[in-house]
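Asker: Following is a predicted model, sequence given first.
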Amino acid sequence: MGNALMIDNWTLQDVEALMQNGIEPKDVSEIAISEDRQTHRFDPVPSGTIQIDALISLLTNIVCFDHLHVDSGFVEAWQRDGGFLAPLESLGVVQPDDYTALGQSLNDIREMILAELCVTESLRTAMQKIKLEWELTRSTSSPHLSALVWGGAGLLARSDLTSTPYFGHPFRRRLVAETQMFYHQANAVQQFEKFIETERAKMFRYRNERFGGAMAKVVLPPIPAYIIEESNSIHDLIPVAVQMRDKYAGLRQWLADYQRAIEEEDEGKQLRFEQTLTAVGKSIQVKYGAEKSGSLGISLSAAFFKADVSKRLVDGTLNRFGVRSTLAKLIMAPRGQQALAKLVGMLGESKSSLGRTVLLSCQKRFS
């Protein structure tokens, strides 16, 4: 049994455009919710920041999931003969699916989720206007908001009805994070990614405090950072990511088994996966100097002797094998400052004002 993820055609559209045409030289609008959760607004952000965010998430998902499912009804947004993403479809990594058979159930669930996504009164009012416009004219005066909320509700409905975890476009992730229902879908890969992110943040925060905050704060997800570092040009990114799937096949199987335990509500098996994560996290904390964190130790017993083995020695040994080795290496991966700058350079903007603007924006987003 493999692990699968539902993603947006919108994500693939942005990534294909980025790789084909370079960084888009304009600002786009990203939704933000007021602290009192009564109103929403749209903040300007460089389009290149969103494009790079989409690329970073796609590279991670290529390696961590067996299959990435998209709605076949909208693949023309990114499909190109000889395009950068064409190999993903030909290899079966990206799989277009027809969801029309879901019928009325899709409409019913989408309406329920739409209400969940309208987290402010202003969003509820805006969506009522959009629905009325669509019923009368089959068009809307707010296409971006419609795509964000209505389109997001549709993807979440497909996710719910097919029991496939969903990972949205950066714009949609920002809104979905505000909801109570779907943000916390049971997803082994998201828990794994959150674990890696948290442990890396702990390590870099500890070192920043220890050395007076003199170290860079950018923390890219480790897998795309490795992919970028191993690539010589923008043309290498997807081939390197596909090759890296082989390297991380054991991790994908471990994540698939973890996901199965979650879906089957097998608490005992889930606990064993969580214990692996906890043990690796603690051993890495000891490695970089946070001695108070403790670590995993064992005692060897036999008929004629009993010897306590050093916790650090045991952890160091265990962390050199199997999934523990992979997890440890991902936590200890470089921050990604150089990888991010290299990516902007591969996109032809290493010395331009556009490149600097997008780089600074990405550094803020990923720090």
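Answerer: All right, it came through fine.
Asker: buried sites along the lengthiest helix in the chain?
Answerer: Longest helix of the chain, by residue count under DSSP state H: helix 188-210. Under the neighbour-count criterion of 16 or more other CB atoms under 10 Å, helix 188-210 has 188-193, 195-196, 199-200, 202-204 buried. (C-beta placed from N, C-alpha, C; glycine too.)
Asker: Just the CA trace of it, in PDB.
Answerer: Extracted in PDB, the C-alpha atoms of helix 188-210 (Å, rounded to 0.1, in the frame of the first residue of the first chain):
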ATOM      1  CA  ALA A 188       1.900  10.800   8.300                       C
ATOM      2  CA  VAL A 189       3.900  12.900   5.900                       C
ATOM      3  CA  GLN A 190       2.700  16.200   7.400                       C
ATOM      4  CA  GLN A 191       3.600  14.900  10.900                       C
ATOM      5  CA  PHE A 192       7.000  13.800   9.700                       C
ATOM      6  CA  GLU A 193       7.600  17.200   8.000                       C
ATOM      7  CA  LYS A 194       6.400  19.000  11.100                       C
ATOM      8  CA  PHE A 195       8.800  16.900  13.200                       C
ATOM      9  CA  ILE A 196      11.800  17.700  10.900                       C
ATOM     10  CA  GLU A 197      10.800  21.400  10.900                       C
ATOM     11  CA  THR A 198      10.500  21.600  14.700                       C
ATOM     12  CA  GLU A 199      13.700  19.700  15.400                       C
ATOM     13  CA  ARG A 200      15.700  21.900  12.900                       C
ATOM     14  CA  ALA A 201      14.200  25.000  14.400                       C
ATOM     15  CA  LYS A 202      15.200  23.800  17.900                       C
ATOM     16  CA  MET A 203      18.700  23.100  16.800                       C
ATOM     17  CA  PHE A 204      19.200  26.400  15.000                       C
ATOM     18  CA  ARG A 205      17.600  28.400  17.700                       C
ATOM     19  CA  TYR A 206      19.800  26.800  20.300                       C
ATOM     20  CA  ARG A 207      22.900  27.500  18.300                       C
ATOM     21  CA  ASN A 208      21.700  31.100  17.600                       C
ATOM     22  CA  GLU A 209      21.300  31.700  21.300                       C
ATOM     23  CA  ARG A 210      24.600  30.100  22.100                       C
END
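Asker: and the angle for the very next helix or strand once past that helix with helix 188-210?
Answerer: Next helix or strand after helix 188-210 toward the C-terminus (DSSP states H and E): helix 222-229. Counting by axes from the mean of the first three to the mean of the last three CA atoms, to 10 degrees, helix 222-229 lies at 80 degrees to helix 188-210.
Asker: Any stretches of the chain with poor pLDDT?
Answerer: For the chain, applying pLDDT under 70 flags the ranges 1-2, 180-186, 211-217, 290-321.
Asker: Going along the chain, name the strands of it.
Answerer: For the chain, strands defined by DSSP state E occupy the ranges 4-7, 27-33, 40-46, 67-71, 94-97, 166-167, 298-301, 306-309.
Asker: possible to save these as CSV with mean neighbour count and distance to I52?
Answerer: Shown next, in CSV, are those (neighbours: other CB atoms under 10 Å; distance: least, CB to CB, whole Å):
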stretch, mean neighbour count, distance to I52
strand 4-7, 20, 16
strand 27-33, 16, 13
strand 40-46, 15, 9
strand 67-71, 20, 19
strand 94-97, 17, 19
strand 166-167, 24, 16
strand 298-301, 10, 44
strand 306-309, 10, 45
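Asker: Tell me which residues touch W134, please.
Answerer: By CB atoms under 8 Å, 6 or more residues apart in numbering, W134 lies in contact with 140, 146.
Asker: G154 versus that one, what's the distance?
Answerer: From W134 over to G154 the distance is 13 Å, taken as CB to CB, to the nearest Å.
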